[in-house]
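1. I'd like to go over a predicted model; first the sequence, then the structure.
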Amino acid sequence: MTTNTTPGAVAPTNTTFHGWRIVAAAFTVLFVVYSIQFSFGTLVDDIVQDTGWSETRLQLIYALYILSYSLLSAVSGILTDRYGPRRVIGAGAIILGFGYLSWAAAPNLWVVLFGLGIAAPIGMSASWVPCNATVVRWFVAKRGLAVAVATAGGSLANIVAPPISAAIVQARGWRTALATMAVVGIVAMSAGAAMMRRDPESVGQYPDGQRPETTELHDVEGVTLAEAFRTRPYWLIFGMYALSFLAIFVPFAHISQFATDQGIDAIRAATVISAIGIGGFIGRLTIGPISDRFDRRRVVALAFAMQTAGFVGLAVARTLGVLYPSAAAFGFAYGSAVALFPALVGDYFGRAHAGAIVGRLFATAGAMAAVGPYVAQLLVNGSDSYRFAFTLCALANGAAMLMAVQLPRPAP
């Protein structure tokens, strides 16, 4: 793989650079799909009360949804490399919307299983990996900033979407809320797909909108998935993100109940989740550009260290005065680490096969996110406390940090 472009070694092109349009399209797609996903918690109580369906079975179907779209991301990454992001994301928009509309009209849990557990994951898999792999192709010198802005769409969704969804549920019911989100999702995701272009070369441009002085400064080819699979950095990146993803959904699933167990009322307990979202949004936009200026390996290690500290704070918290900063610190670190994931792949393996490599890593490491909340619940049932679960999450992220510091410098 050839060396990355450096800011001082390139000259600007004469045409308007399209890369930031690609970032805006990715931001839009991720905001929409995660708005629907993060609204699940606002729907469950009303669904159970309206239908009498088992909450446990709904949660199990939701876990299947997370696991399935994570695994299917390996396929969507390969398809993005082969057919381009416009087709993949556009098809995903239709399938995702169809899945949620099926759920909105479901007369029984079998239809929910089809809509949420089978169709929706196929559509959802056409979002995070295709969007981020495409942004990686468009940027080298400003890769950290570009990926951070794109992925911030997911963090903003975590802040904005749940209260909007809750308001629609209260006014019109859960079926109308879900159908509304599905239709808006189809339209917005399709619009984002229409703006996508595979890479700058496809429209006669260069990464970052700057012409390299020599072709060696321009990592067009990169390495294949099979070649990346045989390298030490690939397995270090896999290991540290598998450990981190095992823990990151635990606070989203359990922090509100943990807060109420400490005697905090339900409304204020729910705002702890908002603190995570706010921290994540700030973390992505802060750490992304910092990683472009400093050694990205060290920045991601720092993010895992901060995530570890956040979990330690959650484990010992008994009041909102400790819960809020701990949750915000966790969110800041989680958002930072996730934003650096595609950028690290681009640094080590180049741009040409970014979809396949990001997809494979996300499918295998990201699938752990479906396991963490369930395991945490088993630990809570066995110990009658959330503190042991949060402590194990801290240890997992501490191990991820130790793996991050072992990453070698990206080879030319």
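-> That came through fine.

2. am I right that Tyr374 sits in a strand?
-> No: counting by DSSP: H, G, I helix; E, B strand; the rest coil, Tyr374 is located in no strand; its state is helix.

3. help me confirm that it comes into contact with Ile66.
-> No: using CB atoms under 8 Å, Tyr374 is not in contact with Ile66; the gap is 10.3 Å. No exception for glycine: its C-beta is placed from N, CA and C like everyone else's.

4. between the two, which is the more surrounded one?
-> In terms of neighbours (other CB atoms under 10 Å), Ile66 is the more surrounded of Tyr374 and Ile66; the figures are 21 against 15.

5. any idea how far Pro373 is from that one?
-> When distance is defined by CB to CB, to the nearest Å, Ile66 is 9 Å away from Pro373.

6. between those two, what contacts are shared?
-> Common contacts of Ile66 and Pro373, defined by CB atoms under 8 Å, 6 or more residues apart in numbering, comprise Phe249.

7. which residues in the stretch 51-200 of the chain form helices?
-> Using DSSP state H, counting those that start in this stretch, the helices of the stretch 51-200 of the chain run over residues 55-83, 85-104, 109-114, 120-124, 128-138, 143-172, 174-195.

8. and the ones you listed: which comes nearest Pro251?
-> For Pro251, the closest of those is helix 143-172, at 11.4 Å, according to CB to CB.

9. got a list of what Met195 touches?
-> By CB under 8 Å, 6+ apart, the contact list for Met195 reads 21-22, 24-25.

10. let me know the closest of these to Gly350.
-> Nearest to Gly350 among the contacts of Met195, with distances taken as CB to CB, is Ile22, at 17.7 Å.

11. hang on, isn't the closest one packed against Asp199?
-> No: between Ile22 and Asp199 there is no contact under CB under 8 Å: 9.3 Å.

12. for the two, indicate the residue with more neighbours.
-> Ile22 (26 against 21).

13. relative to Val203, how far out is the more buried one?
-> 10 Å.

14. so what sits against both of these two?
-> The contact sets of Ile22 and Val203 overlap at Arg197 (CB under 8 Å, 6+ apart).

15. Lys211 belongs to a strand, doesn't it?
-> Just to correct that, residue 211 is Arg rather than Lys. Yes: under three-state DSSP, Arg211 falls within a strand.

16. for it, give its distance to Phe17.
-> According to CB to CB, Arg211 and Phe17 sit 11 Å apart.

17. next: Tyr386.
-> As for Tyr386, its distance to Phe17 is 48 Å (criterion: CB to CB).

18. more neighbours: which of those two?
-> Per other CB under 10 Å, whichever of Tyr386 and Phe17 has more neighbours is Tyr386, with 24 against 18.

19. got the contact list for the more buried one?
-> With contacts defined as CB under 8 Å, 6+ apart, Tyr386 is in contact with 254, 257-258, 261, 314-315, 376, 380.

20. farthest-apart pair in these, please.
-> Farthest apart among the contacts of Tyr386 by CB to CB are Gln257 and Ala315. That separation is 14.9 Å.

21. more neighbours: these two, which one.
-> Higher neighbour count among Gln257 and Ala315: Ala315, with 19 against 13, using other CB under 10 Å.

22. which residues touch that one?
-> Residues counted as contacts of Ala315 (CB under 8 Å, 6+ apart) are 386-387, 390-391, 394.

23. re the thing from before, need the winner for burial among the helices of the stretch 51-200 of the chain.
-> Mean neighbours per residue, mean count of other CB atoms under 10 Å, is largest over those for helix 128-138, with a mean of 30.

24. tilt between that one and helix 85-104?
-> 160 degrees (axes from the mean of the first three to the mean of the last three CA atoms, to 10 degrees).

25. angle of helix 128-138 against helix 55-83?
-> Angle of helix 128-138 versus helix 55-83, following the same axes, to 10 degrees, is 30 degrees.

26. which neighbouring elements make contact with helix 128-138?
-> helix 19-38, helix 55-83, helix 85-104, helix 143-172, helix 320-349, helix 354-366 (3 or more CB pairs under 8 Å, 6 or more residues apart in numbering; DSSP states H and E).

27. now these in a markdown table, with distance to Ala404?
-> What follows is the helices and strands packed on helix 128-138, written out as a markdown table (distance: least, CB to CB, whole Å):
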| stretch | distance to Ala404 |
| --- | --- |
| helix 19-38 | 24 |
| helix 55-83 | 21 |
| helix 85-104 | 28 |
| helix 143-172 | 15 |
| helix 320-349 | 9 |
| helix 354-366 | 13 |
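
28. right, so of the ones you listed, which gets closest to Met189?
-> Met189 lies closest, by CB to CB, to one member of the helices and strands packed on helix 128-138: helix 85-104, at 3.7 Å.

29. alpha carbons only: can I get the closest one in PDB?
-> Presented in PDB, the C-alpha positions along helix 85-104 are these (Å, rounded to 0.1, in the frame of the first residue of the first chain):
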ATOM      1  CA  PRO A  85     -22.800   3.100  -2.300                       C
ATOM      2  CA  ARG A  86     -25.700   4.700  -4.300                       C
ATOM      3  CA  ARG A  87     -27.200   1.300  -5.300                       C
ATOM      4  CA  VAL A  88     -26.600  -0.400  -1.900                       C
ATOM      5  CA  ILE A  89     -27.900   2.400   0.300                       C
ATOM      6  CA  GLY A  90     -30.900   3.000  -2.100                       C
ATOM      7  CA  ALA A  91     -31.900  -0.600  -2.000                       C
ATOM      8  CA  GLY A  92     -31.400  -0.700   1.800                       C
ATOM      9  CA  ALA A  93     -33.800   2.300   2.200                       C
ATOM     10  CA  ILE A  94     -36.600   0.400   0.600                       C
ATOM     11  CA  ILE A  95     -36.000  -2.800   2.500                       C
ATOM     12  CA  LEU A  96     -35.600  -1.000   5.900                       C
ATOM     13  CA  GLY A  97     -38.800   1.000   5.300                       C
ATOM     14  CA  PHE A  98     -40.700  -2.200   4.300                       C
ATOM     15  CA  GLY A  99     -39.500  -3.900   7.400                       C
ATOM     16  CA  TYR A 100     -40.700  -1.200   9.800                       C
ATOM     17  CA  LEU A 101     -44.000  -0.800   7.900                       C
ATOM     18  CA  SER A 102     -44.500  -4.500   8.300                       C
ATOM     19  CA  TRP A 103     -43.900  -4.100  12.100                       C
ATOM     20  CA  ALA A 104     -46.300  -1.100  12.300                       C
END
